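Peer 1: Let's see this in three dimensions:
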Amino acid sequence: MAIRSNSLAAPGRPRIGLLARGWRQIAVAILAGAASALALPPLGWFPVLWITLPVFVLLLDDAPARPDAAPLARFRAGFAVGWSFGFGYFVGGLWWIGAAFLVDAAAFAWLMPAAVLALPAGLALFWGLGAGVARLFWAPDWSRLVMLAMALSLTEWLRGHILTGFPWNAFGYAMMPSPVLMQIASWIGIWGVTFFAFLIAAAPVLWFSRDPAYRFADRCAFFALAALFLANVGFGVARLSAADDATVPNIRLRLVQPRIAQDEKWASGRDDEILGRYLSLSATGMEDGKPAPFTHLIWPETAFPFLLDQNPNALAAIGALLPEGSTLITGAARAEAVVGEEVEARVFNSLQVIDSDGFIRQSYDKVHLVPFGEYLPLEAIFRRLGISQMIALPGGFAAGDRRLTLDLPNAPSFSPLICYEIIFPGSVVDAGNRPAWIVNLTNDGWFGDTPGPWQHLQQSVVRAVEEGLPVVRAANSGVSAIIDPYGRVRAQRGVEMVAVLDGALPVALRPTIYSKYRDSLYFALMILALVVVSTRGFTRTKQRN
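Peer 2: Have a look, this model is predicted:
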C-alpha cells in the first residue's frame, strides 16, 4: 500500500482550501482561536469548540510541509498554526487585562497595548510548541487527535509551572461551564480535563474522513469520543444527584463586598472613610438584643490603605463591631522589620484573623505574588526601561515562605489564599495538614465589569471540585461567593455591586482522588496516550508493508 500524504492535498480528505496558505492560514487560525474564547466565562458557549478545534486540526493537516520533509520543517509548520491559534485564544480570553492599565492611566496606559498583545503572544508559544511537536508525529487517521491532545495538554501543564506559572484559562476550563461537566476534575484535575477537552472538542473532524482506508476507524473513534463525553455528563449527573447539602452547624458567614475603586483605595486621607464603609456594611441588620447575623466576618484582599497591625484605633473599632466570640478574616498589608546593615521593612500582602477583642491572632503572607502587579521580576532591567510594578509600593510586596492551614475559634481550620493563588491546581492547601474549607480573598477591582472576575470565579469553583472543599470567596468588587465542594455556587454577589453576602459553610467531602494523587493520574493518562499512538503507528506501518 502506498504511503499517504499527511497533507490535506491528499485526495479523500476534507480541506480548508486556499485559506490554508500563507497569511490566510495565520488569519484563519487566529480567528478560530479567538472564537474559542467564547467558551470561557462569562459566556460559556462551549459547543463553539466543536467548530473551532476541527478547523485547527484541518489547518495542521494542511500545514505546508511534505510528509518526507525534514523534522524541522514539519515542526515549524505546526508551530506557526499552533502559535496563531493560541494567540487568538489568549487575546480573546485575556483582553480585559488592559483595564488594569487604565486605573493609573498616567503611569501605565502606554503599556496597555503591549500587555494586551505581548502576554498572549508569549503564552501562545506553548501552543506553538505543542502543535509543532504533534506535527512531527502527524498521522492520517484518528491517532493524530490523540497526539495533538497529548502534546497540547503537556505544554499547557508547562505553562502552569514555568517562570512561576500562569495557568489562567487552561483549555480544560472551556469545557467546564457548569458543575455537571466538571465533576471529573475530582479525579484527574484540570490537566486531565484539558487533555480530554482537546480530544473531544476536535472529534467532529473524524466524521468527515472520506479516505476509505481510514473512514471506518475514524468514525468508530468519533463515536467512542462522543460516548466518552456522554459518560462524563452521566458521571456529573450521578455525582450531583447524590450530593449532600449539609452545612457546618452554628457557623454563619458574612462576606462584605465594598466596591472600593483602585484610585480611591490608595488616595491619601481616606483611611477613616474606607474603614467606616467596611464597618457600616458589616453592621447591616445588627440590632441590640438580637442574635448576631454572623459568627465569621470576611473582608477582601488588602482591605485598608494602611497597616492594620500598626493602627490600634482601627483594631479597636473592629473589636467594638464584632459580637462576642465572632471572628474577622480580612486582607491587610503587613510590615516586618529586617535588621541588617540598615533597618528596612518588608511589606507582605497578608490575610489576618482578628478576634472580638480586636487582637490579631494569626497572619498568613501571600506566597505566590503576581509578576509586574505585586513585584517586578528582573527589577534592575525593567526599571531602566521605566517599568514598575502596578502596586504603588516601593520595591513591591515580599513573598511569604509557605502555604499554611489556619485554625479558627469555633470553626474548622481553613486554607488561606489571596487573589490569584487559587488558580494554581494542586497548590492550594497544605498537603500535610488538610483544612476543611478554603478562604479566597481577592480584589479584582482592577478589571471592572469584564470577563476577568468571572473567569477567576470559575477557577475557584474548579478548585473546590478538585479538592472536595468548600471555597468562600470575598472580593472587593465581585464576584463574592460561597461554593460547595461539588462546585455549586450556593450564593454570590455579582461584579460592581456594593453588597453583603450571608450564608452557611458547606461541609467538606472526604479527600478526592485528585487531592490524594495530584497530577499522577494525568501523567498516567499521558503514558497511556503515548502507548495508544505508538501502537497505532506500528499497526499502520505493518499495513503499509
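Peer 1: and Phe372, how far is that from Thr450?
Peer 2: Note on Phe372: its distance to Thr450, by Cβ to Cβ, to the nearest Å, is 18 Å. From N, CA and C alone the C-beta is placed, and that goes for glycine too.
Peer 1: Same question for Tyr517.
Peer 2: Counting by Cβ to Cβ, the gap from Tyr517 to Thr450 is 36 Å.
Peer 1: Regarding the chain, what is its longest helix?
Peer 2: As assigned by DSSP state H, the longest helix anywhere in the chain is helix 212-241.
Peer 1: In that helix, which residues are buried?
Peer 2: Tyr214, Arg215, Ala217, Asp218, Ala221, Phe222, Leu225, Phe229, Asn232, Phe235, Gly236, Arg239 (16 or more other Cβ atoms under 10 Å).
Peer 1: Let me know how buried the residue nearest to the last one when sequence neighbours are not counted is, in neighbour terms.
Peer 2: When you say that, I think you mean Arg239. What sits nearest to Arg239 in space, not counting adjacent residues and going by Cβ to Cβ, 6 or more residues apart in numbering, is Gln183, at 4.5 Å. The local packing of Gln183 (other Cβ atoms under 10 Å) involves 21 other residues.
Peer 1: give me phi/psi at Gly82?
Peer 2: The phi/psi pair for Gly82 (degrees, to the nearest 10) reads phi -60, psi -40.
Peer 1: what does Glu301 give?
Peer 2: phi -60, psi 140.
Peer 1: can you check Ala398 too?
Peer 2: Dihedral angles (degrees, to the nearest 10) for Ala398: phi -90, psi 150.
Peer 1: how about the strands in the stretch 301-450 of the chain?
Peer 2: Counting by DSSP state E, counting those that start in this stretch, one finds strands in the stretch 301-450 of the chain at the ranges 327-339, 343-355, 360-365, 406-408, 411-418, 437-442.
Peer 1: quick one: strands adjacent to the shortest one?
Peer 2: What it means is strand 406-408. strand 411-418 (antiparallel) (DSSP bridges).
Peer 1: Using neighbour counts, pick out the buried residues of the strand it pairs with.
Peer 2: Under 16+ other Cβ under 10 Å, the buried positions of strand 411-418 are Ala411, Phe414, Ser415, Pro416, Leu417, Ile418.
Peer 1: So which elements touch the longest helix of the chain?
Peer 2: Packing contacts for helix 212-241, counted by 3 or more Cβ pairs under 8 Å, 6 or more residues apart in numbering; DSSP states H and E, involve helix 179-182, helix 185-202.
Peer 1: pLDDT on it, on average?
Peer 2: Across helix 212-241, pLDDT averages out at 96.
Peer 1: With stretch 418-435 instead?
Peer 2: 96.
Peer 1: Any idea how far apart the tips of it sit?
Peer 2: 16 Å (Cα to Cα, to the nearest Å).
Peer 1: Also stretch 158-170?
Peer 2: First residue to last in stretch 158-170 (Cα to Cα) measures 11 Å.
Peer 1: mind listing what's buried in it?
Peer 2: Buried-residue list, stretch 158-170, by 16+ other Cβ under 10 Å: Arg159, Gly160, Gly165, Phe166, Pro167, Trp168, Asn169, Ala170.
Peer 1: What is the most widely separated pair among those?
Peer 2: The span of those, defined through Cβ to Cβ, is set by Gly165 and Asn169 at 13.0 Å.
Peer 1: still on that earlier bit, just name the most buried of the strands of the stretch 301-450 of the chain.
Peer 2: Of all the strands of the stretch 301-450 of the chain, strand 437-442 carries the top mean neighbour count, a mean of 28, counting by mean count of other Cβ atoms under 10 Å.
Peer 1: With just CA atoms, put it into PDB.
Peer 2: C-alpha atoms of strand 437-442 as PDB (Å, rounded to 0.1, in the frame of the first residue of the first chain):
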ATOM      1  CA  TRP A 437     -12.500  24.900  53.700                       C
ATOM      2  CA  ILE A 438     -10.700  27.400  51.600                       C
ATOM      3  CA  VAL A 439     -10.900  31.200  52.100                       C
ATOM      4  CA  ASN A 440     -10.000  33.200  49.000                       C
ATOM      5  CA  LEU A 441      -9.700  36.900  49.500                       C
ATOM      6  CA  THR A 442      -9.300  38.900  46.300                       C
END
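Peer 1: that's a helix at Ser477, yeah?
Peer 2: No. Read with DSSP: H, G, I helix; E, B strand; the rest coil, Ser477 is coil and lies in no helix.
Peer 1: sorry, back to before: distance to Ser282 for the buried residues of strand 411-418 - can I get that in JSON lines?
Peer 2: Output for these, formatted as JSON lines (distance: Cβ to Cβ, whole Å):
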{"residue": "Ala411", "distance to Ser282": "17"}
{"residue": "Phe414", "distance to Ser282": "19"}
{"residue": "Ser415", "distance to Ser282": "23"}
{"residue": "Pro416", "distance to Ser282": "19"}
{"residue": "Leu417", "distance to Ser282": "22"}
{"residue": "Ile418", "distance to Ser282": "20"}
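Peer 1: Any idea how many residues pack against the closest residue to Trp50 other than its chain neighbours?
Peer 2: Distances taken as Cβ to Cβ, 6+ apart place Pro204 nearest to Trp50, at 5.2 Å, with adjacent residues excluded. Neighbours of Pro204 under the rule other Cβ under 10 Å: 17.
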